[in-house]
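[1] Fold the following and give me the result.
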Amino acid sequence: MLSTPWSRDFGLRVPIVNAPMGGVAGGRLAAAVTAAGGLGMIGMGSVATRELLRTQLQQVRGTFGIGLVDWVMRTEAGLLEDALAARPALLSVSFGTDWSWVAKAHDAGIPAATQVYDGVGAREAADAGVDILVARGAEGGGHGEAKLATLPLLDTVLDAVSVPVLAGGGIASARSLAAVLAAGASGAWVGTRLAACPEALSGDGSRRALIAARATDTAVTRAFDVAQARPWPARFPSRVLTNDFVERWTGNEDALNPQACDELVASIAADDRRIAPVDAGQGVGMIRDDASVADVIDEMCSGAERLLAGWGS
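    A predicted model of the protein is given here:
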């Protein structure tokens, strides 16, 4: 069975953690990832509420983690406390610079994780007591700093810190999993590939779009955040599938008008992905079907194990 020292110490059968994607990684996805041997994460995202967390926690089974967005956690009073009270095996908080939450997690006996984008950020997080770092490369889906691709970033972060490092961004196949493990990652932070699984909260339109997309069909944009008045810091744009809205408004966000914003709201409600956003990383071209979480993780891990064994011989 494919494993690393970190995954074994953490009690996992395979070194896979699902990215806590808001609107995608609910309790059902987390339960399926954990059942497949990894660590399932519930993602709260931009619209997190205490009620949403309670709803998704009802669907988890076994070990699980929780992922929060820093600025959302600070505006939704009680969300951090509820997350800690749920006793997750891991608490991930990203997109902030105030590390006071780390001590609160440790006081509750919960390991802390966060996403990093360069060596400086990695050292700051490790110095603040964060236990596990996620080196999230620019090819990853959803929000993050578009600084370095996954392999150069992983190299930089592994040189900078001594804590376990998970690699995220573009990991959607046996080959990409084998590559980051061979490079020294303690595990993989997998997002886009699992978003197409039936256990994810993705709508049918999103799932079809992910399966149909090519690797070159993504773009980095702030258009959706600006149109929806979500206060994401400008340094954290989102990688999404390119569509009509992206092509029209990326780089032209100041000109967004109420009609365009209303059209976006209606398209999201109708699951019309020609306008509505679909977070996706550059690994999206590796998605060919809506296989279950168990099948995806088994294929990735068994294939990576064969590749690594063959390389060693």
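[2] quick one: contacts for Val130?
    Val130 sits next to 99, 102, 112-114, 163 when contact means CB atoms under 8 Å, 6 or more residues apart in numbering. Quick note: C-beta positions are derived from backbone N, CA and C, even for glycine.
[3] Go through those and name the one nearest Ala294.
    Nearest to Ala294 among these, counting by CB to CB, is Ala113 at 23.8 Å.
[4] Quick check: phi and psi at that closest one.
    The phi/psi pair for Ala113 (degrees, to the nearest 10) reads phi -140, psi 160.
[5] That one bridge partners, please.
    Note on Ala113: beta-bridge partners Ser92, Ile132, judged by DSSP bridges.
[6] and it, how far is that from Ser238?
    Separation of Ala113 from Ser238 (CB to CB, to the nearest Å) stands at 20 Å.
[7] Comparing these two, which shows the higher neighbour count?
    Ranked by neighbour count (other CB atoms under 10 Å), Ala113 and Ser238 place Ala113 first, with 26 against 23.
[8] per-residue confidence at the more buried one?
    On pLDDT, Ala113 comes in at 98.
[9] just Met1 next, same as before
    At Met1, the model reports a pLDDT of 82.
[10] secondary structure element for the closest residue to Val180 other than its chain neighbours?
    Of all residues not flanking Val180 in the chain, Ala167 sits nearest, at 3.8 Å (CB to CB, 6 or more residues apart in numbering). Element membership of Ala167 [criterion: DSSP states H and E] is strand 165-168.
[11] Given that strand, what are its sheet partners and their directions?
    The partner list of strand 165-168 in its sheet, established with DSSP bridges, is strand 132-136 (parallel), strand 187-190 (parallel).
[12] Check what contacts that strand and list those residues.
    Contact with strand 165-168 is made by 17, 19, 113, 115, 122, 132-137, 140, 150, 154, 157-158, 180, 183-191, as judged by CB under 8 Å, 6+ apart.
[13] Between the two ends of stretch 134-150, how far is it?
    From its first residue to its last, stretch 134-150 covers 10 Å (CA to CA, to the nearest Å).
[14] Give me the buried subset of the contacts of strand 165-168.
    Among the contacts of strand 165-168, those buried by neighbour count (16 or more other CB atoms under 10 Å) are 17, 19, 113, 115, 122, 132-137, 140, 150, 154, 157-158, 180, 185-191.
[15] All the strands of the stretch 151-300 of the chain, in order from the start?
    Using DSSP state E, counting those that start in this stretch, the strands of the stretch 151-300 of the chain run over 165-168, 187-190, 218-221, 238-241.
[16] can you list the domains in the protein?
    Split into domains by the TED database, the chain comes to 5-202+289-310, 204-279.
[17] Deepest-packed of the ones you listed, please.
    Counting by mean count of other CB atoms under 10 Å, domain 5-202+289-310 has the highest mean neighbour count of these, with a mean of 21.
[18] Can you give the distance of it from its chain's centre?
    In terms of CA atoms, centre = their mean, to the nearest Å, the centre of domain 5-202+289-310 is found 6 Å from the chain centre.
[19] One more: stretch 205-222?
    Offset of stretch 205-222 from its chain centre (CA atoms, centre = their mean): 15 Å.
[20] Residues in contact with it: which ones?
    The contact list for stretch 205-222, computed with CB under 8 Å, 6+ apart, reads 138, 141, 146, 192, 195-196, 198, 200, 202, 232, 234, 237-242, 246, 249-250, 253, 271-273, 276, 278, 280-290.
[21] Flag the shaky bits of the stretch 101-250 of the chain, pLDDT-wise.
    Counting by pLDDT under 70, not a single residue of the stretch 101-250 of the chain qualifies.
[22] Done for today, thanks.
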